[in-house]
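> just coords:
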């Protein structure tokens, strides 16, 4: 447990040091862990969704950091071609998921996937209604997400370009609304499967399922962890790969980069096992960014064992 | 801007529909500005606020409903979580626990619940909080009831 804390502190310190260079002198542990002011001041300098960057920019953050981390970044460098950073404002998981998903649809023009997710979105709407949520409290958020899906498919007058997708992801009136849409979907799924999630929630925060949704899922800026990811992935039927960059290592001395695939319940494994999830996120304690796999690399053969 | 306006308009229509359903809350939108609302709420029964009618002022920010409305008591109230001079309310859903799942109407309900269940450990009104924390429920009740009579009840005659 103590190792874990040190680990988080070190990564937090290194993130803080690189994000605000003029704050270089203040990157003591206390400052880095002083979440509220750190988040508000630092996050405002980073766009909601950044540009694609080569993985070397990740290595640059840890120049004088732990050798284990540098070793892991080397491994990542062999498997992933780019990283896209998101703002550390507590919404980074949802924001990363949003951009990664919409970008995938824009590039693949996979109409079957859009039709499929729309069916799930309608289910989520019913879920919230059945739970007693007032329609007008969530319908604007649903509508905006569906609108993005339609706009991303080419061949209509509203079709948008890649640049426009980036712009919208950085525009609060779109970006935050979609994050909020995901928060509603996540809360709806957790509440509907309260029996399933209850032990995890009790273990994590020692609150009731209702309290957890009210205080840690529905409010903007509340950070996500495996509970949120599981719920969102299941509710929308979208698989998510999370790659972990932390200081953990095996006793045998070999350094590997672990990942975990969140595969939605009910997905048939036979077909999907071959292909990795199309959404890959990089997790560093307290933060999620987007990773882009190299086209040819078979990531699943090399890591996670 | 448009989004918040559209949302508030929906809330306005909902309030008209719900008027009968929630007799303890009377929520009114300013005639000329949909971002300004006032509410009259009834003090909950079996509390020192029973029989009083309390006025709340809502200022809705432009990013609503992503950000919470600012709400304060216009009627003087003696309560641990309400600032005695400004009427500011210390309630998590009006700060970091806000979410768009809340509405102006449900915020009123939450404030009524707060009146019935004060949280003296995070007081905005220290005198009031100290009375409760020291176990002087009788002293707290009599102070709160006095201010209810003075400020929240229609004058007789």
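Nice, thanks for sending it over. Values in this document were obtained by computation on a predicted structure and should not be read as measured data. Numbers count the residues shown, from 1 in each chain, chains lettered A, B, ... in the order given.

> Would you mind naming what in the stretch 51-200 of chain A lies close to chain B?
Counting by Cβ under 8 Å from any Cβ of the partner chain, the stretch 51-200 of chain A comes close to chain B at A:133-134, A:136-138, A:140-141, A:172-173, A:176-177, A:180, A:183-184, A:187. From N, CA and C alone the C-beta is placed, and that goes for glycine too.

> What ranges does chain B have for its strands?
In chain B, the segments counted as strands under DSSP state E are B:25-29, B:36-42, B:53-59, B:70-73.

> I meant the stretch 1-150 of chain A, not that one.
A:49-54, A:80-86 (DSSP state E, counting those that start in this stretch).

> most tightly surrounded among the ones you listed?
strand A:80-86 (a mean of 20; mean count of other Cβ atoms under 10 Å in any protein chain shown).

> List the contacts of it.
Outside strand A:80-86, the residues that touch it by Cβ atoms under 8 Å, 6 or more residues apart in numbering or on different chains are A:46, A:48-55, A:57-58, A:92, A:95-96, A:99, A:243, A:280, A:282, A:288-295.

> Given it, what are its sheet partners and their directions?
strand A:49-54 (antiparallel), strand A:287-293 (antiparallel) (DSSP bridges).

> May I have the phi/psi pair for residue B:52?
phi -90, psi 150 (degrees, to the nearest 10).

> and it, what does it touch?
B:42, B:43, B:75, B:148, B:149, B:151, B:152, B:153.

> Pull out the buried members of those residues.
B:42, B:43, B:75, B:148, B:151, B:152 (16 or more other Cβ atoms under 10 Å in any protein chain shown).

> Could you double-check that the last one sits in contact with residue B:41?
No: here residue B:152 does not reach residue B:41: they are 9.9 Å apart, not a contact under Cβ atoms under 8 Å.

> which ones are touching residue A:234?
With Cβ under 8 Å, 6+ apart, residue A:234 has these contacts: A:189, A:264, A:265.

> what helix or strand is the first one on?
The one in question is residue A:189. Residue A:189 is located in helix A:172-192, with elements delineated by DSSP states H and E.

> Off-centre distance for that helix?
Centroid separation for helix A:172-192 versus its chain: 13 Å, with Cα atoms, centre = their mean, to the nearest Å.

> for it, packing partners?
When contacts are defined as 3 or more Cβ pairs under 8 Å, 6 or more residues apart in numbering or on different chains; DSSP states H and E, helix A:172-192 packs onto helix A:92-108, helix A:111-131, helix A:135-152, helix A:162-170, helix A:209-212, helix A:226-236.

> want to throw those helices into JSON lines with mean pLDDT?
Below are the helices and strands packed on helix A:172-192 laid out as JSON lines (pLDDT from 0 to 100):
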{"stretch": "helix A:92-108", "mean pLDDT": "97"}
{"stretch": "helix A:111-131", "mean pLDDT": "97"}
{"stretch": "helix A:135-152", "mean pLDDT": "96"}
{"stretch": "helix A:162-170", "mean pLDDT": "95"}
{"stretch": "helix A:209-212", "mean pLDDT": "96"}
{"stretch": "helix A:226-236", "mean pLDDT": "97"}
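
> quick revisit: of the contacts of strand A:80-86, buried ones?
In these, burial by neighbour count holds for A:46, A:48-50, A:55, A:58, A:92, A:95-96, A:99, A:243, A:280, A:282, A:288-291, A:293, counting by 16+ other Cβ under 10 Å.

> Report how many residues lie close to residue B:143.
By other Cβ atoms under 10 Å in any protein chain shown, the residues close to residue B:143 number 16.

> thought it was touching residue B:132?
No: Residue B:143 is beyond contact range of residue B:132, at 10.5 Å (criterion: Cβ under 8 Å).

> any idea how far chain A is from the most centrally placed residue in chain B?
Central residue of chain B (Cα atoms, centre = their mean): residue B:111, 4.3 Å from the mean position. For residue B:111, the distance to chain A (Cβ to the nearest Cβ, to the nearest Å) stands at 16 Å.

> how about stretch B:72-81: buried residues?
For stretch B:72-81, by 16+ other Cβ under 10 Å, it's B:72, B:73, B:75, B:77, B:78, B:79, B:80, B:81.

> Show me which residues of chain B sit near chain A.
Close to chain A, as judged by Cβ under 8 Å from any Cβ, chain B has residues B:3, B:6-7, B:10-11, B:14, B:63, B:65-66, B:92, B:96-103.

> From those, keep the buried residues only.
Buried among the residues of chain B next to chain A (16+ other Cβ under 10 Å): B:3, B:7, B:10-11, B:14, B:65-66, B:97-103.

> Skipping adjacent residues, who's closest to residue A:201 in space?
residue A:212 (4.7 Å; Cβ to Cβ, 6 or more residues apart in numbering or on different chains).

> ok, now residue B:48?
residue B:144 (3.6 Å).

> And for residue A:188?
According to Cβ to Cβ, 6+ apart, the nearest residue to residue A:188 is residue A:127 (4.3 Å).

> From residue A:125, how far out is whichever residue of chain B sits closest to chain A?
Using Cβ to the nearest Cβ, the single residue of chain B nearest to chain A is residue B:99, 3.6 Å away. For residue B:99, the distance to residue A:125 (Cβ to Cβ, to the nearest Å) stands at 17 Å.

> Pipe the strands of chain B into CSV and attach mean pLDDT per row.
What follows is the strands of chain B, written out as CSV (pLDDT from 0 to 100):
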stretch, mean pLDDT
strand B:25-29, 94
strand B:36-42, 97
strand B:53-59, 98
strand B:70-73, 98
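
> Using TSV, lay out those strands together with distance to residue A:167.
As requested, the strands of chain B are exported to TSV (distance: least, Cβ to Cβ, whole Å):
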stretch	distance to residue A:167
strand B:25-29	34
strand B:36-42	33
strand B:53-59	31
strand B:70-73	31
